[in-house]
Every structure is written in structure tokens, then in C-alpha cells.
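Colleague: This is a predicted model, with the sequence first.
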Amino acid sequence: MSNILDNHIKIHDNGWVCELVDYEIAKASEEEAREIGRLVLKHTCVVIRGQDRAQLTNDREKEFCSYIGNVQMMPSPKQFDDMDERKRHLERFRTTFLEEDKNGESVNGIYRVTGKKNKDGNMGLFGHNEVLDWHANQPSSPDRQSCIWLYGIEHTAGSITSWNNNIISYNDLTPEFQEELKTITIFCGFSAGKYTVSEAFNEHINFDNPLKLVHTNPDGQVGLYFPFYQVFHFEGGKYPGDKKYYEHIAKKLQEHTTRDKFVYNHEWIDGDVVISDQWLSLHKRHHFDGMSKRLLHRIALGYENL
């Protein structure tokens, strides 16, 4: 790792959250960006505070993320016929969720996480005040991206997002239980932003995308991929097909992985950036009454360049 990053790295008292102190993302080189990506793989969560919006612009956000991996872009509506419902769907998504530049044009790849309405009168992603409970992004999608960039733009003070670390939570289990969990496959679904264990969302399960409960990331780190509110079907394990067995496993892991020692609570300040892994970490936004003003930028990216 470069000496430049070494001089900025601080590990939180919990022993696992990595913070880069007095570091300007806008000035990061390609290699430094990749080293930060590798820190995300190792620690699951990297915090970089105090970014200057005048320097860390929309274009620079996307450029930095592209050094780490492919940025998830919204498809163009132009590829579909005027009568195709997908075209109308994408056009609505672009005018609702994508950030806009100073000319009012959509910035593809940067999503607004906010209750603040844009020029078209639309809120961004997850604009409600209520808790957005523990989840991973797009768990049922086979083309989901592995990493999430969140950048606090304005009116973020007072809001809290929590992350957990499912590398260390997995390592805290007995070797026997770890081996048992390696034999379990999960199937995830989408719960329309309200992450619950309700059976009502069973029709959204993607049975074409089986996922191993124990995941190994590109850095060789082993941990749990278990977005428990988004898991609706299990296979394998010690007692295949036994619903009570799976319910016991789910309850045990949910309680275990959200213990205080595995959780980091981030108290936002404008200018904060948090980059987190989407395989071996979950996140949760706490209730916040100021969502009508609070604005975060969200970029989904992969690890292809590491």
C-alpha cells in the first residue's frame, strides 16, 4: 500500500471500520482509488470525511468510482420503442432518481437518496422518513454491483446509517457451525423498500439466482452473505427442506450479525463519504425527520479494476 494512504489510515475503536483522515478524494490517483477499494474488501466499510463539494464534483465522483470498478448506469430509454412500457419506466426513473447537472440534465450513474423534490416534483430514492431496515442492495439481481458509494451533499447532520461486518461476525462462530452454513443456499427477493420477513413478497423471489450463505470476496475474505429481511427461501443445510430448521438458522444469524460489536453507526455530516461492500456487509438507515432536505449521492460499482 502506498505511504500516502498509510499516513491517513485510522482504524476505529471497534477494530474494523477503516477511516481515511485528512484525505481529499478529488486528488486521488487511480492507484490510490484502487487501494481504497481493497480497503473496502478487507474492512467492509471505509469512511472519508470532510470532502469539499466544489472539488468532489459529479464527474469526479464517477471518475473515482470507475477506477475501482464498473459504475452501474441506467439503460437509455432510446433503445426501446415508444410503445414499450420499459421506455416509459426508464424515463420516469431517470427524471425521478438520477442527479441533475447545473443545466438540468440527468447525471447517469449518480442517484439521489432524498425526500427533496427535484424540478419535476419527484423525490429521490428512499425519500421517506421511516427506518430503512437492514439490507443489501439488489440482492435478487444477477447483475447487482458489489460496492456502494454514499456521499453526504446537504442537510445530513442528525441522520444515522449503520453498517455491520459479516466477516468478523462469521469468524466469531464455531468452526462446526461455519461448516454447516457453507452447505446452505439462499434465494432473495425484493421487498419494495420495506424490508420485512413478510410472506407477501414471495412472488418476487428470484429462483434463477441461488446464492451461497457463506461468501468469499475477491480479496479472499470469507463471511456471511445474509440480508435477512430479503431472504425468502433456503436450501441445503443439516436438515434440507425443514422450515423450522431454516427459521432457527435465520433467527440465530440475524441476532448474531447485528450485535453491537459487529455494528458501526455513522452520524452523518455534509462532506462525508462512506464506501461499503454489498456482499459481506449490510446497512440500515435510521428514522430521520429531515429527509425532505437531506441529500446523499449513491453510486453502485464493482471491483473489476482491483
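Modeller: Ah, there it is.
Colleague: Run through the protein and note the low-pLDDT ranges.
Modeller: Where the chain drops to pLDDT under 70, the residues are 1-3, 77-89, 190-205.
Colleague: State the helix or strand in which the residue most central in space within it lies.
Modeller: Ranked by distance to the mean C-alpha position of the chain (Cα atoms, centre = their mean), the top residue is residue 148 at 4.4 Å. According to DSSP states H and E, residue 148 maps onto strand 147-154.
Colleague: so the residue nearest to the centre of the chain touches residue 300, yeah?
Modeller: Yes: if you go by Cβ atoms under 8 Å, residue 148 and residue 300 touch, sitting 5.9 Å apart. Placement of C-beta: from N, CA and C, glycine included.
Colleague: which neighbours do the two share?
Modeller: residue 137 (Cβ atoms under 8 Å, 6 or more residues apart in numbering).
Colleague: What segments of the chain are helices?
Modeller: 3-6, 30-43, 58-68, 85-97, 168-171, 175-181, 243-257 (DSSP state H).
Colleague: ends of stretch 91-103, how far apart?
Modeller: End-to-end distance of stretch 91-103: 18 Å, with Cα to Cα, to the nearest Å as the criterion.
Colleague: from the chain's centre, how far out does it sit?
Modeller: The chain centre lies 21 Å from the centre of stretch 91-103; the measure is Cα atoms, centre = their mean, to the nearest Å.
Colleague: Same question for stretch 119-139.
Modeller: The answer for stretch 119-139 is 12 Å, by Cα atoms, centre = their mean.
Colleague: Then stretch 56-71?
Modeller: Its chain's C-alpha centre and that of stretch 56-71 lie 16 Å apart, by Cα atoms, centre = their mean.
Colleague: do stretch 26-45 as well
Modeller: Distance, centroid of stretch 26-45 to centroid of chain: 16 Å (Cα atoms, centre = their mean).
Colleague: now do stretch 99-115
Modeller: The answer for stretch 99-115 is 19 Å, by Cα atoms, centre = their mean.
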